[in-house]
Every structure is written in C-alpha cells, then in structure tokens.
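> 3D model of this:
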Amino acid sequence: MTSHTNESTVTFKNQFNLSSLDGPQPAGTYRIVTENEEIPGLSFIAYRRRSTMLHLPALTASAGKTQVFSVDRDELEAALKEDERL
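Sure, this is the predicted structure:
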C-alpha cells in the first residue's frame, strides 16, 4: 500500500487547547505532519488520512524538548476557526 506524508504549519493567534494535549498551548506557529495512505481497489488514485501529528513546542518558541501528539484533524480545524473568530 502506498502512503505519503504532508508537512505544513498552522498559526494560532491566541492560546488554544485540544483534547489530546496536556493543557492549553500558547499562541504561535506549529508544525503539522499528516500521513495519508492510498485506498486500494479503486479505478483512480485516492488517499485517506491515517494520522495528523502536532509538534510541540511552537516553531516560534525557543528550542527545547520536542513532543509529538496525535490530534483529531476535525478538532484542530475547529480550534483554528475559533482562533480566527476571536
């Protein structure tokens, strides 16, 4: 099965929280890594998301211990929309 990884960043202007994190995270730009796998048996190439990983601390923070958390993509997108609304 073929898979591929996408890397991107998201920026929060305000403190945010996700259920898979230990607590609120400060505003900043965060690295996101998404793994996708090919859906077999189709007559065209299509992929489904396997995982979305959030890297802490923010890229804008001083260097320190790095942690990676699996996050729900829908919850992440909702938190970003809420951040834009504030």
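> Work out for me the element the residue at the greatest distance from the centre of the chain sits within.
Ranked by distance from the centre of the chain (C-alpha atoms, centre = their mean), the top residue is S43, with 29.7 Å. Using DSSP states H and E, no element contains S43; it sits outside every helix and strand.
> Which pLDDT value belongs to T9?
Per-residue pLDDT puts T9 at 97.
> Can you tell me what sits against stretch 65-81?
With contacts defined as C-beta atoms under 8 Å, 6 or more residues apart in numbering, stretch 65-81 is touched by 10, 12, 16-21, 32-34, 49, 51-57. In short, each C-beta sits where N, CA and C put it, glycine included.
> Now intersect the residues you listed with the strands, please.
The strands, defined by DSSP state E, take in V10, F12, I32, V33, T34, R49, S51, T52, M53, L54, H55, L56 from the contacts of stretch 65-81.
> Output those residues in a markdown table, with neighbour count and distance to E84 appended to each entry.
Below are those laid out as a markdown table (neighbours: other C-beta atoms under 10 Å; distance: C-beta to C-beta, whole Å):
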| residue | neighbour count | distance to E84 |
| --- | --- | --- |
| V10 | 17 | 11 |
| F12 | 19 | 10 |
| I32 | 16 | 16 |
| V33 | 14 | 22 |
| T34 | 16 | 20 |
| R49 | 11 | 22 |
| S51 | 13 | 24 |
| T52 | 19 | 19 |
| M53 | 15 | 22 |
| L54 | 20 | 18 |
| H55 | 16 | 21 |
| L56 | 18 | 21 |
